[in-house]
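# here's a sequence, model it:
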Amino acid sequence: MTYVKICGLRTTADVDAAVAAGADAVGVVMSGRSPRHVEPELARTLADHAAGRATTVLVVNDLPVVEAIVRAQAAGVDVLQLHGPGYDHADFAACEQAGVRTWRATSLAHDPDPQVGGHGEEALLLDSPAPGSGHRWSAADLRTRPEGHWLLAGGLDPDNVADAVTELGPWGVDVSSGVEGSRGVKDRDRIRAFVAAVQRLDGTRSSVQSPQSPNPGAR
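Okay, here's the model as predicted:
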């Protein structure tokens, strides 16, 4: 089954909608530049609310890794996602030393031949080749397809996610703006429609062996 992460959640109702729809992971963003930014206290509230029902992920892109580790531990999330080229091998090693699970988010613009685990991460999230552009993936964008636990992101929405998964064959998908009614505000109907589109596709590929979750037992 295709792993689904709904990111940029800001309310407990958003968390409930994602979990009820069947999402495997929920993400909260801590970035002053993002309209989806949440403060540490809210991050903890959202992580507690989702605990035991979905994998919880804290996404950062502008925090020094030492501070990001402290924020992830304080929020009680399952995973810290280090997003962007500002984080290097040493940052992921620091997370491992601190006992913090990590995912790495990058784009083909910064990493044209991405490898899962290349920085020591347990899962890799690939944003569109032009992050933030809304550009949707095509198979031609990839020199070689990553192997293992990698999530497709960038330009996905309920209408195109099934085609994108069919074309690129990722282990999972990640969406944020594609399930919003306005910038930074989640639309719960779109969340349900997005997950349902993935589930329908999986149902037509039932003969394909389902990938293992990177956090067995999280749900």
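# what segments of this protein are strands?
With strands called from DSSP state E, the chain shows them at 3-6, 25-29, 55-60, 79-83, 102-107, 123-127, 150-152, 172-175, 180-182, 185-186.
# mind checking which of the ones you listed is nearest residue 161?
strand 172-175 (5.9 Å; C-beta to C-beta). To be clear about C-beta, it is placed using only N, CA and C from the backbone, and glycine gets the same treatment.
# that closest one: how far from the chain's middle?
Relative to its parent chain, strand 172-175 has a centroid offset of 6 Å by C-alpha atoms, centre = their mean, to the nearest Å.
# and residue 73, what is it in contact with?
Counting by C-beta atoms under 8 Å, 6 or more residues apart in numbering, residue 73 touches 98, 100.
# gap between it and residue 17?
27 Å (C-beta to C-beta, to the nearest Å).
# I'd like the strands of the chain laid out as TSV, including distance to residue 40.
Formatted as TSV, the strands of the chain follow (distance: least, C-beta to C-beta, whole Å):
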stretch	distance to residue 40
strand 3-6	21
strand 25-29	10
strand 55-60	10
strand 79-83	14
strand 102-107	19
strand 123-127	23
strand 150-152	25
strand 172-175	23
strand 180-182	23
strand 185-186	20
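# TSV for these, including distance to residue 69 and mean pLDDT?
As requested, the strands of the chain are arranged in TSV below (distance: least, C-beta to C-beta, whole Å; pLDDT from 0 to 100):
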stretch	distance to residue 69	mean pLDDT
strand 3-6	21	98
strand 25-29	16	98
strand 55-60	10	98
strand 79-83	7	97
strand 102-107	10	94
strand 123-127	18	94
strand 150-152	22	96
strand 172-175	22	96
strand 180-182	29	95
strand 185-186	27	96
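# hang on, residue 40 packs against residue 75?
Yes - when contacts are counted by C-beta atoms under 8 Å, residue 40 is listed as touching residue 75 (6.6 Å).
# so the two - more neighbours on which side?
residue 75 (22 against 13; other C-beta atoms under 10 Å).
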